[in-house]
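Novice: Provide a 3D model corresponding to the input given below.
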Amino acid sequence: MDGLCANTIAPLAPLRLKGGGRSYENAGPVVKSVVEKFRSVHGEDPKYVSVAPGRVNLIGEHTDYSQGFVMPCAIDFHVAASFCPTSDNKLHVIALDVNDETCSIDLSKPIERDQSQPWSNYIRGVCKTLMDNGHKIGGGKFVFSGNVPLGGGLSSSAALEVCFAKALNHAYNLKIGGVEIAQLSQAAEHWVGCKCGIMDQYISSMGVEGKALMIDCRDLSAKNVEIPKGVAVVIVNSNAKHELAGLDSEYNARREQCEQAARHFGVSYLREVTPEQLERDSKELDPVVLKRARHVVLENDRVSKTVEALKQGDLKTVGKLMLASHMSLKNDFEVSTPEIDALVDIIGAVVGEEGGVRITGGGFGGSVVCLTPESKVEEIRKAVEENYPKRAGGRQATFYVCHASAGAHILE
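Specialist: Next comes the predicted model:
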């Protein structure tokens with residue numbers, strides 16, 4: 001989930017990490033900023049830089065915590081942390097995007113949340129989860145920054161967690177694989193307070209350059225899904241930001257409702273319920289819980305059909321499936337907003353049958369994702385610029401054209 005909440009951290013600089021090299025000297029402005037800050041503060045070069053991407057989910061929303069199917073891709077917006085291991089038992093962290101705030105995490109003492117610095121809790125959670133699972137970590141000096149839009153449903157919190165888990169794994173030779181890094185990072189977010197599924201951390205850790213992944217959230221296997229040539233991945237942030245962290249959030253309530261539905265059907269997860277069973281055995285189910293279950297069961301089917309349509313280059317079918325997903329999230333899961341619906345209407349009118357658009361992320365604001373021919377990108381941009389403020393109380397949207405990116409990695 002995009003758990004770095006609005007109003008807890010200053011907006012990140014609108015910079016993009018460029019280049020696929022493993023040297024941080026030419027890796028882009030975000031990496032450059034954390035390296036330069038490290039040098040100016042500590043008088044030496046960092047030993048390593050850890051980079052972890054945000055993500056956009058093309059289809060398969062609110063299905064991961066029911067062990068269903070999702071299809072995200074990592075994007076070329078990242079969190080980067082320059083770091084050097086130290087001989088003490090403390091993490092000294094500078095957050096460039098929070099006015100250079102600093103925190104110190106003493107690993108020799110019980111790790112607790114610090115509500116005066118909410119951003120630090122994601123890092124504290126990573127440290128706690130690593131140690132709770134028997135991994136021995138030591139101190140380090142860190143400077144981090146990022147350009148994953150906050151509150152936009154693009155998983156800034158997962159990128160931060162995976163970035164630090166990857167860094168500590170490398171610094172202390174923990175030999176943790178990519179899937180386990182995702183699982184530990186997910187556990188860190190649970191500790192912070194958002195009971196997210198595995199998708200966000202998985203794709204940040206395991207993303208593949210140029211491809212989306214169809215992830216089976218039951219066995220954590222994944223299949224590469226080629227995005228057809230000439231098709232752009234466009235993200236439009238409504239700038240109606242959501243705030244999901246906290247045990248009483250609407251996001252957590254949706255998860256609880258899905259678990260209630262699973263108990264009604266006598267299964268562990270809604271993944272195990274078929275559309276036929278849903279229709280046959282739902283008469284005594286609470287109407288609201290039934291709506292939540294219907295979304296999850298049918299969304300899993302939409303993911304599988306979208307993968308097949310993309311293989312065939314059938315954007316017309318992809319568009320129908322994305323719209324069905326959006327309407328389900330609006331009407332059955334009730335996580336859309338008027339601003340998001342406006343963007344879907346505006347962009348859908350331009351794309352027509354040549355692509356699709358839907359809400360992406362946990363909802364309650366955030367962004368939409370669009371798969372569209374590259375030839376329509378500028379037309380979409382102009383339509384959003386002209387029409388969105390009229391339907392969003394003057395609010396402006398932010399427009400991104402993204403590329404499927406590699407997962408977390410270390411620069412030396």
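
Novice: distance between the longest helix seen in the chain and the chain's centre?
Specialist: For the chain, the helix reaching the highest residue count under DSSP state H is reported as helix 287-311. Remark: helix 287-311 is offset 19 Å from the chain centroid, using CA atoms, centre = their mean, to the nearest Å.

Novice: what's the angle from the following helix or strand past it to helix 287-311?
Specialist: Per DSSP states H and E, the first helix or strand lying C-terminal to helix 287-311 is helix 315-331. Orientation check (axes from the mean of the first three to the mean of the last three CA atoms, to 10 degrees): helix 315-331 against helix 287-311 gives 160 degrees.

Novice: okay, buried residues for helix 315-331 please.
Specialist: 315, 317-322, 324-330 (16 or more other CB atoms under 10 Å). All C-beta atoms are positioned from the backbone trio N, CA, C, and that covers glycine.

Novice: Ala187 sits in which helix or strand?
Specialist: Assigned by DSSP H and E, Ala187 belongs to helix 178-192.

Novice: next structured bit after that helix?
Specialist: helix 199-206.

Novice: other SSEs contacting the next helix or strand after that following helix?
Specialist: Next helix or strand after helix 199-206 toward the C-terminus (DSSP H and E): strand 211-216. Counting contacts by 3 or more CB pairs under 8 Å, 6 or more residues apart in numbering; DSSP states H and E, strand 211-216 packs against strand 69-86, helix 199-206, strand 221-226, helix 287-311.

Novice: alpha carbons of stretch 234-242, in CSV - could you do that?
Specialist: Provided in CSV are the C-alpha atoms of stretch 234-242 (Å, rounded to 0.1, in the frame of the first residue of the first chain):
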residue,chain,number,x,y,z
VAL,A,234,0.2,6.3,-18.3
ILE,A,235,-0.5,7.2,-14.6
VAL,A,236,-2.6,10.2,-13.7
ASN,A,237,-2.5,11.3,-10.1
SER,A,238,-5.8,12.8,-9.0
ASN,A,239,-4.0,14.6,-6.2
ALA,A,240,-6.9,13.7,-4.0
LYS,A,241,-4.6,12.0,-1.6
HIS,A,242,-5.5,9.1,0.6
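
Novice: and Arg263, how far from Val273?
Specialist: According to CB to CB, to the nearest Å, Arg263 and Val273 sit 11 Å apart.

Novice: sorry, that was for Arg391
Specialist: From Arg391 to Val273 the distance is 37 Å (CB to CB).

Novice: now do Asp341
Specialist: On the measure of CB to CB, Asp341 and Val273 end up 28 Å apart.

Novice: tell me which of the two has more neighbours.
Specialist: Taking neighbours as other CB atoms under 10 Å, Asp341 and Val273 compare with Val273 leading, 23 against 17.

Novice: check contacts around that one.
Specialist: Contacts for Val273 were tallied using CB atoms under 8 Å, 6 or more residues apart in numbering; they are Ala261, Ala262, Phe265, Val267, Ala293, Val297.

Novice: tell me who's in contact with the fourth one.
Specialist: The one in question is Val267. Val273 are the contacts of Val267 under CB under 8 Å, 6+ apart.

Novice: ramachandran angles for it?
Specialist: phi -130, psi 170 (degrees, to the nearest 10).

Novice: and Gly146, what are its bridge partners?
Specialist: Beta bridges link Gly146 to Val79, judged by DSSP bridges.

Novice: where does it land on pLDDT?
Specialist: In this prediction, Gly146 carries a pLDDT score of 96.

Novice: please enumerate the helices of this protein.
Specialist: Under DSSP H, the chain gives helices at 29-42, 120-132, 156-171, 178-192, 199-206, 250-264, 275-280, 287-311, 315-331, 338-351, 377-391.

Novice: looking at those helices, which one is packed in the most?
Specialist: Highest mean neighbour count of the helices of the chain: helix 199-206, a mean of 31 (counted as mean count of other CB atoms under 10 Å).

Novice: so what does it touch, helix or strand wise?
Specialist: On a contact count with 3+ CB pairs under 8 Å, 6+ apart, helix 199-206 meets strand 48-59, strand 69-86, helix 156-171, helix 178-192, strand 211-216.
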